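S.K.: Below are the sequence and a predicted model for it; my questions follow.
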Amino acid sequence: MKSRKPILLDFWASWCIPCRMMGPVIEKVANERTNAVVGKVNVDEEPELAQRFGVMGIPTLIVVKDGKVINQSTGARPKAAVLSLLN
């Protein structure tokens, strides 16, 4: 959370079909956007972290910059929409 770069957190679960659809999209974004940190958070393994960020549904994408949430989106999104969260 102390990164100087924006952080994109993908809250997901292995049983969630839309989450699995987002996997390749998040991977492409991670490979293309070297000016951002991309992380995946399995809500079944990290329920406290999901609760801390107020995640009510998955997939949820949260962008954090300077320790603060600056953008958030719930549901499957195309790559362009994910990239726009980081802008």
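M.R.: Received, thanks. Numbering: from 1, shown residues only.
S.K.: So which elements touch the biggest helix by length in the chain?
M.R.: For the chain, the helix with the greatest residue count under DSSP state H is helix 17-32. Secondary-structure packing of helix 17-32 (3 or more CB pairs under 8 Å, 6 or more residues apart in numbering; DSSP states H and E): strand 7-12, strand 37-42, helix 79-86. Every C-beta, even on glycine, is put in place using the N, C-alpha and C of the backbone.
S.K.: Show the average pLDDT along that helix.
M.R.: Per-residue pLDDT over helix 17-32 has a mean of 96.
S.K.: do the same with stretch 43-60
M.R.: The pLDDT scores in stretch 43-60 average 97.
S.K.: Any buried residues in that stretch, and which?
M.R.: 43, 50, 53, 55, 58-60 (16 or more other CB atoms under 10 Å).
S.K.: And for stretch 79-87?
M.R.: 82-83, 85-86.
S.K.: count of neighbours near Ser73?
M.R.: 15 (other CB atoms under 10 Å).
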